[in-house]
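# My questions concern the predicted model and sequence given below.
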Amino acid sequence: MPGTPGAVRPGERLADAADARLPVLEGGRLLRKAFPEHWSFLLGEIALYSLVILVLTGVWLTFFFKPEMREVVYHGRYVPLRGIRMSAAFDSTLHISFDLRGGLLMRQMHHWAALVFVAAIGVHLFRIFFTGAFRRPREINWVIGVTLLVLALAEGFAGYSLPDDLLSGTGLRIAQGIMLSLPVVGTYVSMLVFGSQFPGEDFISRLYGMHILLLPGALIALLTVHLILVFYLKHTQWRGPGRTNRNVVGKPLFPQFMASSMGLSFTVSGVLALLGGLAQINPVWVYGPYRPDQASTGSQPDWYVGFLEGALRLVPPWETNVAGRTIMWNVLLPAVVLPALLFFVLYLYPFVEQRLTGEWRVEQHLCDRPRERPVRTGLGVAGIVFYGVLLLAGGNDVSAAVFRISLNALTWILRIALVVGPVVAFLLTRWLCHALLEAEQQRLTEGVATGEVRQTVEGGYESDHRPLRRFRPGAPRRPLSPPGSRTGTPDQERPAPAPRRR
């Protein structure tokens, strides 16, 4: 019956129930593996299909791009740059953009796919964080996901720097300054990376090898391991009737889930093609070739490294002289120490939270709703606010010019917001989570007001209520018990017994 605990809707299947009609083969069981239905579970697939587009367009671009720093004179179709000296890398980028049929479309699809790829990984990690899908036995998959984000950032910056235009050259100059800020070893690191004094003659060819071989190979290898672990550990799911830690309710891999996944891949490809054809991005011919004695005004990096730019702009000019050497704290702290601490916290968080809550002893396959974990949700929102302030600071000069306000005043406002904003966001989010839980408790206990008011025999008035009939994914279906003392997580309704194996 539809209301019976453990019942499965048409098209759904419990992963831990054997099927007598299928041959007892691993291949058959794999094809019948269940995947839950919810839009938030598709974020990882968007990242996967963006990577596919990146690889396909990147392979096409490798046939025409020349990773060389030798100087040439431009004689292509873009008239404003004719006769200008530039590197062969920038010349080949202009050749792809103006002389090859479909070249500009491929370049822009590649760039848009890179932005979507990094964004999808980031939002996918948000989903895992806020729902607690990083808990045992998925800690290693969380570590792999964070590593994929680090590699995606490095891969994006490498590809963004290859055209050798004025904007990317300015970014490389900043990267070299970050290397030089390393105490004692900074000059040696810079010489090792660039091969000589900046900008050098070998850097683009070295960066090209990393961009098309080393970093993509590492990304694909880690992604393969990630997908294998998803299959092996089974998928998380929202709480609900018939859903327990011992099963998965959803579409079978073949044909239902595979069909919807292929539809999503075509959608991602189509959206990226539309963006590549209609939305201009990274017009390198406007910036011109890189020259060490020039810098483009109002230059902004891609959004995923914008927080580093903002951190560099917010830290005051602090320097210390030690044993005849100058330590540039205003570069070392925001560009080296800060990102290292951020990713260190991301790597360790699953292990620390589970130790504090005692959840490391048992496996967790059911997702938490963010409101059920006020402290974790508050920490996540505080981190997002922290990142958002840094991202805004990365364009403080543009914001000051557009809104006609003092650049110094805006910088100080953002400095204060960087400290106060995350604290306020944490307290407000935690309060909001508790308020949502209390309101939900009241609705489950009293029901939903119907809008009808009646008079009691004592002469008073009372509103009529009806029981809840519609529930969101993961929402409880009976009144919650008081929150736990440590985690702030309400005790969930007791799951229905797992269906017996046939």
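Perfect, I can see it now. Only a predicted model underlies this, so the values are computations on that prediction, with no experimental measurement involved.
# Show the model's pLDDT score for the most centrally placed residue in the chain.
By Cα atoms, centre = their mean, the chain has its centre lying nearest to residue 122, at 0.6 Å. For residue 122, the pLDDT comes out at 95.
# my guess is it is in a helix, correct?
Yes - counting by DSSP: H, G, I helix; E, B strand; the rest coil, residue 122 is part of a helix.
# and residue 110, how many neighbours?
Counted with other Cβ atoms under 10 Å, residues neighbouring residue 110 total 22. Every residue, glycine included, has its C-beta placed from N, CA and C.
# Name the next helix or strand following the helix or strand hosting it along the chain.
Element membership of residue 110, judged by DSSP states H and E, is helix 103-131. Going down the chain from helix 103-131, the next helix or strand is helix 139-161, by DSSP H and E.
# roughly how far is that next one from the heart of the chain?
Its chain's C-alpha centre and that of helix 139-161 lie 10 Å apart, by Cα atoms, centre = their mean, to the nearest Å.
# same thing with stretch 235-249?
Per Cα atoms, centre = their mean, the centroid offset for stretch 235-249 relative to its chain is 25 Å.
# ditto for stretch 212-225
Taking Cα atoms, centre = their mean, one finds the center of stretch 212-225 at 17 Å from the center of the full chain.
# How about stretch 214-233?
From the chain centre to the centre of stretch 214-233 is a distance of 16 Å (Cα atoms, centre = their mean).
# for it, what is the average pLDDT?
For stretch 214-233, mean pLDDT is 93.
# Show me which positions of it end up buried.
215, 216, 218, 219, 222, 223, 226 (16 or more other Cβ atoms under 10 Å).
# Show me which of those residues is closest to residue 320.
Taking Cβ to Cβ as the measure, residue 320 lies nearest residue 215 of these, at 34.7 Å.
# got the CA coordinates for the longest strand belonging to the chain in CSV?
Counting by DSSP state E, the longest strand found in the chain is strand 448-455. Provided in CSV are the C-alpha atoms of strand 448-455 (Å, rounded to 0.1, in the frame of the first residue of the first chain):
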residue,chain,number,x,y,z
VAL,A,448,-1.6,23.5,10.0
ALA,A,449,-4.2,26.3,10.5
THR,A,450,-7.1,26.0,8.1
GLY,A,451,-8.2,29.6,8.4
GLU,A,452,-11.5,28.6,10.1
VAL,A,453,-12.3,30.1,13.5
ARG,A,454,-15.0,28.7,15.8
GLN,A,455,-16.5,29.8,19.1
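# For residue 127, give me its contacts.
40, 41, 43, 133 (Cβ atoms under 8 Å, 6 or more residues apart in numbering).
# I misspoke; the intended subject was residue 411.
313, 314, 393, 396.
# Can you show me the strands along this protein?
For the chain, applying DSSP E gives strands covering 13-14, 34-35, 71-73, 85-87, 249-252, 319-322, 325-328, 448-455, 461-466.
# List the buried residues for the fifth one?
By neighbour count on 16+ other Cβ under 10 Å, the buried set for strand 249-252 is 249, 250, 251, 252.
# Report the distance from it to the chain centre.
Chain-centre distance of strand 249-252: 26 Å, with Cα atoms, centre = their mean.
# Same check on the third one?
For strand 71-73, the separation from the chain centroid amounts to 39 Å (computed by Cα atoms, centre = their mean).
# What residues sit buried inside that strand?
Under the neighbour-count criterion of 16+ other Cβ under 10 Å, strand 71-73 has residue 72 buried.
# Name the strands paired with that strand and say parallel or antiparallel.
Using DSSP bridges, the strands paired with strand 71-73 in its sheet are strand 85-87 (antiparallel).
# same question, the second one
With DSSP bridges as the criterion, the sheet partners recorded for strand 34-35 are strand 249-252 (antiparallel).
# So for the partner strand, mean pLDDT?
Mean predicted lDDT for strand 249-252 stands at 84.
# Next: stretch 266-274.
For stretch 266-274, the mean confidence score works out to 97.
# For that stretch, list the C-alpha coordinates in CSV.
Taking Å, rounded to 0.1, in the frame of the first residue of the first chain, the C-alpha atoms of stretch 266-274 are listed here in CSV:
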residue,chain,number,x,y,z
PHE,A,266,23.0,17.1,-23.3
THR,A,267,21.6,20.0,-21.3
VAL,A,268,25.0,20.9,-19.9
SER,A,269,26.6,20.7,-23.3
GLY,A,270,23.8,22.8,-24.9
VAL,A,271,24.0,25.5,-22.2
LEU,A,272,27.8,25.7,-22.6
ALA,A,273,27.5,25.9,-26.4
LEU,A,274,25.0,28.8,-26.0
